[in-house]
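# need coordinates for the following:
(chains A and B)
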There are 2 protein chains.
Amino acid sequence: MNGEAGRAGPLPAHRVLIVGGGFGGLYAARRLGKDDRVSVTLVDRRNFHLFTPLLYQVATGAVSPGDIAQPLRSILRRQRNTTVLLGEAVGVDVDKREVRLADGGPLAYDSLIVASGARFSYFGHEGWAKDAPGLKSLDDALEIRRRILIAFEAAEREHDAQRRAEWLTFVIVGGGPTGVELAGSLAEIARDTLRRDFRSIDTRSARILLVEALPRILPTYPADRSASAGRQLERIGATVRTGTRVVDIDDHSVGIERPDGTQERIPARTVLWAAGILASSFVATVATATGAPTDRNGRIIVGPDLTVPGHPEILAVGDAAVQPWKRDKPVPGVAQGGIQGGKYAAGTILARLSGETLPPFHYQNRGDVAVIGRLAGVTDIPWLGPFGRQSGFPAWVLWLTIHILYLIGFANRIVVVVRWGWSFFTRGRGSRLITGAPLLPPIEEPEPPA
Amino acid sequence: MNGEAGRAGPLPAHRVLIVGGGFGGLYAARRLGKDDRVSVTLVDRRNFHLFTPLLYQVATGAVSPGDIAQPLRSILRRQRNTTVLLGEAVGVDVDKREVRLADGGPLAYDSLIVASGARFSYFGHEGWAKDAPGLKSLDDALEIRRRILIAFEAAEREHDAQRRAEWLTFVIVGGGPTGVELAGSLAEIARDTLRRDFRSIDTRSARILLVEALPRILPTYPADRSASAGRQLERIGATVRTGTRVVDIDDHSVGIERPDGTQERIPARTVLWAAGILASSFVATVATATGAPTDRNGRIIVGPDLTVPGHPEILAVGDAAVQPWKRDKPVPGVAQGGIQGGKYAAGTILARLSGETLPPFHYQNRGDVAVIGRLAGVTDIPWLGPFGRQSGFPAWVLWLTIHILYLIGFANRIVVVVRWGWSFFTRGRGSRLITGAPLLPPIEEPEPPA
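This is a model prediction of the structure:
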């Protein structure tokens, strides 16, 4: 393509630059790793690939950060044509075909794969971020773990019943898979894991509220799965409020608007954000530089071959792109979407080098699985037929199997199985550590007069 | 003792307050947990007990934080007479018998066990702390891990040979067990683990320097063990400089004074501090309030029954105290010292309740083990006779056995064995994650003109 193969220069190979080491970027790099017509550079702000579907398990203390993250260098070390760089991509010159890093560069490319993912969006209320952290990075997960554990500790030391109830109220905003799994894990912690650890409080009295603006939770699942998930959550002690919008968040409470339009203020010291995403700022940079259209989440609307309109040498995948699927809906923002997009983008580049053209990107929906607490969940796996629609314990077993198979790194798989097996039988959670930021300030914060 | 048994109040039991959940505090709490004549409160700033002998393994990415830490609540959950509180002890009123917390309290006691441990001391050069972090807490370990990994990443991206060498130079100050184990692990990482991960640098060219002011490393070991440790370190690529004092540290270099009095400046971007400790500030508070004598490390010089002179109701153990051993030397600051001190202090309190007196504290030296890199180490275990003095591989096997047996929490033991087994056979280190503080600033920091 574009005659690079004949270009003079230090690198005779076709230079593919991948920005982002999530599912899209990593699987693109892997697909390209066996072909020495290309030289691959993968840039990420972090030195590891993160198995994001299990992030909520770190946030709730079931597994350690190291269990679900693997250094990119070590995953790709055998690919002789691949270089991994630690750096933050902040600019692109589409004419010179160069990406600028925050602290160096520029990096030249012949083909660019934009796989820099997404972060949480507060829909214009960015001020809520400090009181309602989202769950997208490993640091987010550790911060959320810290807040959850400190809330129970603070409640244990609090003598005033009302303030104690505030500490024991947890509001999760957003009823997608992340919100549902967080709510389920939190209910499990309160009901089982911590039950015998405290002396002054009954952790089972903790109130876990899942708030969703749409009429049902898990809106991408079939309606009966949503209903089942709701019932399972209620059974383990969480409360589901659908059709309910969040209108305000501060460090002591959440303001909500009920389906009937009336408002209510819920006193709560811990609010977690699992609603709405926005593509990363590098995606916006690429969109501006190429004039590519984006959707309301800032994702680039790519063509059927995942290229950016007018720029066949730039491809966008995963959460950075609106990958085409059905007429009315794009590929959902799940790991499978990134994996398949990344592989396809890599395939497109290799096909071009051979003078071929691939058929348009076709997303294979491998189905959705969400786990709820310790032994329950819902699944929607179309290709398994009726068997793919499970609830409760069978859903949980399916979920466990799938996630363990996909975890990268063999040792991690064994370790995670041991840890889960252990926490399953003992109902304990070994990774309930409060690390990071100073511990006490959130507790000693003066309370306004009641 | 002191008639508390007949005192009226909400708690008829003898109230034991333990400050600190390290080895001393935890083992004291465990010993007291079976006796319902006492009610126990354990206060710690952190919610977990940390297996500090393996901290350097977290710092070098071999194991995850969760593998060597266990929530105090979960360890002590079965002790019905025990309450765990998250809090920082900042003051003591020895007349009222109350301890004040930074954010609440006061907590009343009949007996107080001071087990709040120690932190690193920079011998009056506290300004060195930011450029040469010490290894005492889990957060320290994560910060050190971050610095080590970032140094290799920065070297990979650096084009200037001199600056690259600066990034690849690691100086460890202090040749005690922590310094030796850090140097060994670092050498192993550079020689083996990272060797194939980078493209522009040869990680084996990294320079690892262990600097010790005394004439030999591991000064508490017999001289032939020290010599053997030195040889083993040199064999895996570390350099040992004994009789060498550090006179200055900044963010680009370390100034040292050689045995002959001449000075040298070593360009190095990563300096780790493993020299000298100072008892925690709560220990100083107790010493001031009781007028107790302290040694130059701020540790309270306790009597043969581990009580603070003039205050039989206050006991100090582990790194908070100078626990008596041989005429000319106290119990060393190792886990065993804390464990035995904590158990003894608890025993003293229980004996008094029965009107008995224990024989003076007698430290049983179970020996010392230090591991060097992947397969080597030195041991000095007197009670094993000649077999207790091992070098190389047998020392490493002994070390592994002992540490795994002492790790608290069954799941952690299995997980650690799996992880070690894996990293042993693959020479990989699964927990090489750079988390926390923003990644790039240390790299983009402008360099002074060479």
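
# and the nearest residue to residue A:235 once chain neighbours are set aside, how far from chain B?
What sits nearest to residue A:235 in space, not counting adjacent residues and going by C-beta to C-beta, 6 or more residues apart in numbering or on different chains, is residue A:376, at 7.8 Å. Every residue, glycine included, has its C-beta placed from N, CA and C. With distances taken as C-beta to the nearest C-beta, to the nearest Å, residue A:376 is found 23 Å from chain B.

# for the closest residue to chain B within the stretch 201-350 of chain A, what are its contacts?
Closest approach between the stretch 201-350 of chain A and chain B, counting by C-beta to the nearest C-beta: residue A:203, at 10.8 Å. Contact analysis of residue A:203 by C-beta atoms under 8 Å, 6 or more residues apart in numbering or on different chains lists A:152, A:168, A:189, A:190, A:191, A:194, A:195, A:197.

# looking at the residues you listed, spot the one nearest residue B:223.
Closest to residue B:223 out of the contacts of residue A:203 is residue A:197 (48.3 Å), distances taken as C-beta to C-beta.

# what residues are up against the residue nearest to that closest one when sequence neighbours are not counted?
Using C-beta to C-beta, 6+ apart and skipping residues adjacent in sequence, the residue nearest residue A:197 is residue B:73, 3.9 Å away. Contacts for residue B:73 (C-beta under 8 Å, 6+ apart) come out as A:194, A:197, A:198, B:47, B:84.

# what's the ChimeraX syntax to select whichever of those residues are buried?
Here is the ChimeraX command that picks out the buried ones among the contacts of residue B:73, judged by 16 or more other C-beta atoms under 10 Å in any protein chain shown:
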select /A:194,197,198 /B:47,84
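
# list just the nearest of the contacts of residue B:73 to residue A:256.
Among these, residue A:194 lies closest to residue A:256 (C-beta to C-beta), at 26.4 Å.

# domain parsing for chain A?
Residue ranges for the domains of chain A, per automatic domain parsing: A:4-45+A:87-120+A:277-353, A:126-275+A:368-432.

# now render the ones you listed as TSV, adding mean pLDDT.
What follows is the domains of chain A, written out as TSV (pLDDT from 0 to 100):
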stretch	mean pLDDT
domain A:4-45+A:87-120+A:277-353	91
domain A:126-275+A:368-432	85
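
# distance to residue B:135 added to the ones you listed, as a markdown table?
Compiled in a markdown table, these are given as follows (distance: least, C-beta to C-beta, whole Å):
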| stretch | distance to residue B:135 |
| --- | --- |
| domain A:4-45+A:87-120+A:277-353 | 26 |
| domain A:126-275+A:368-432 | 20 |
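
# to residue B:207, which of the ones you listed lies closest?
domain A:4-45+A:87-120+A:277-353 (23.9 Å).

# and the closest one, anywhere near chain B?
Yes. Residues of domain A:4-45+A:87-120+A:277-353 contacting chain B under C-beta under 8 Å from any C-beta of the partner chain: A:45, A:87, A:88, A:102, A:103, A:104.

# helices of the stretch 351-450 of chain A, start to end?
Ranges of helices within the stretch 351-450 of chain A are A:392-406, A:410-426, A:441-444, based on DSSP state H, counting those that start in this stretch.

# ok, residue A:385 - contacts?
Residue A:385 touches nothing, counting by C-beta under 8 Å, 6+ apart.

# which members of the contacts of residue A:203 are the farthest-apart pair?
That would be A:168 and A:197, which, of the contacts of residue A:203, are the farthest apart (C-beta to C-beta) at 13.9 Å.

# most neighbours of all the residues of domain A:4-45+A:87-120+A:277-353 next to chain B, which one?
Counting neighbours by other C-beta atoms under 10 Å in any protein chain shown, residue A:87 leads those with 24 neighbours.

# out of everything not next to it in sequence, what's closest to that one?
In space, residue A:87 comes closest to residue A:101 once its chain neighbours are excluded; the distance is 4.2 Å by C-beta to C-beta, 6+ apart.

# that neighbour and residue A:88 touch, don't they?
Yes. Under the criterion of C-beta atoms under 8 Å, residue A:101 makes contact with residue A:88 at 6.2 Å.

# my guess is residue A:396 contacts residue A:370, does it?
No. With contact defined as C-beta under 8 Å, residue A:396 does not count as touching residue A:370 (10.0 Å).

# between the two, which is the more surrounded one?
residue A:370 (26 against 23).

# who's in contact with the more buried one?
A:177, A:180, A:181, A:218, A:221, A:229, A:377, A:378, A:379, A:399.

# report the separation between it and residue A:191.
Note on residue A:370: its distance to residue A:191, by C-beta to C-beta, to the nearest Å, is 19 Å.

# summarise which helices and strands the strand or helix carrying residue A:347 is packed against.
Using DSSP states H and E, residue A:347 sits in helix A:335-353. Helices and strands touching helix A:335-353, by 3 or more C-beta pairs under 8 Å, 6 or more residues apart in numbering or on different chains; DSSP states H and E, are strand A:14-19, helix A:23-32, strand A:38-44, strand A:111-114, strand A:311-316.

# between strand A:311-316 and it, find me the angle.
Helix A:335-353 runs at 160 degrees relative to strand A:311-316, counting by axes from the mean of the first three to the mean of the last three C-alpha atoms, to 10 degrees.

# how far does helix A:335-353 sit from the chain's center?
20 Å (C-alpha atoms, centre = their mean, to the nearest Å).

# before we move on, back to that, quick one: the residue nearest to residue A:235 and residue A:366, what's the gap?
Separation of residue A:376 from residue A:366 (C-beta to C-beta) stands at 21 Å.

# what about these two, which has more around it?
Higher neighbour count among residue A:376 and residue A:366: residue A:376, with 24 against 17, using other C-beta under 10 Å.

# pull the contacting residues for that one.
Applying C-beta under 8 Å, 6+ apart to residue A:376 gives the contacts A:184, A:232, A:235, A:236, A:391, A:392, A:393, A:395, A:396.

# show me where the stretch 1-150 of chain A has strands.
With DSSP state E, counting those that start in this stretch applied, the stretch 1-150 of chain A shows strands at A:14-19, A:38-44, A:48-50, A:69-71, A:82-86, A:89-93, A:98-101, A:104-108, A:111-114, A:118-120, listed in chain order.
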